[in-house]
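**Q** 3D model of this:
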Amino acid sequence: MKAASGSSYWVKLNFHDSIIVAYQTLKKQGFNILATYASENNIDYRFVDFTNQTVIILGTKLSGLTSEAIK
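**A** Numbering: from 1, shown residues only. Purely as a prediction, here's the structure:
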């Protein structure tokens, strides 16, 4: 995986077989999961409670997130 120089010191990367498995694992560990995508039901990130452990799911520049990741 390519990463910006030095980011591996600050960002922990975990790899899973699928996004569903990743979500299940994160939920069991007590993480809030946020996904970034355009929708009529968007919530402004400034109003999100970040006091709990939070994971932010980002899509690719060209295709965004898969429908599986958005669910």
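**Q** return the set of buried residues in the top helix by length along the chain.
**A** The single longest helix within the chain, with elements called by DSSP state H, is helix 19-28. Within helix 19-28, the residues that qualify as buried are Ile19, Ala22, Tyr23, Leu26, counting by 16 or more other C-beta atoms under 10 Å. All C-beta atoms are positioned from the backbone trio N, CA, C, and that covers glycine.
**Q** just stretch 64-71 next, same as before
**A** For stretch 64-71, by 16+ other C-beta under 10 Å, it's Leu65, Ala69.
**Q** next: stretch 26-37.
**A** Applying 16+ other C-beta under 10 Å to stretch 26-37 flags Leu26, Ala35 as buried.
**Q** residue contacts, the nearest residue to Ile19 once chain neighbours are set aside?
**A** In space, and not counting its chain neighbours, Ile19 is closest to Ala69: 4.7 Å by C-beta to C-beta, 6 or more residues apart in numbering. By C-beta atoms under 8 Å, 6 or more residues apart in numbering, the contact set of Ala69 is Ile19, Ala35, Ile57, Gly59.
**Q** again, only using 7 Å
**A** Ile19, Ala35, Ile57 (C-beta atoms under 7 Å, 6 or more residues apart in numbering).
**Q** cool, Asn52 as well?
**A** Counting by C-beta under 7 Å, 6+ apart, Asn52 has contacts Asn32.
**Q** ok, 8 Å please
**A** So Asn52 contacts Gly30, Phe31, Asn32 (C-beta under 8 Å, 6+ apart).
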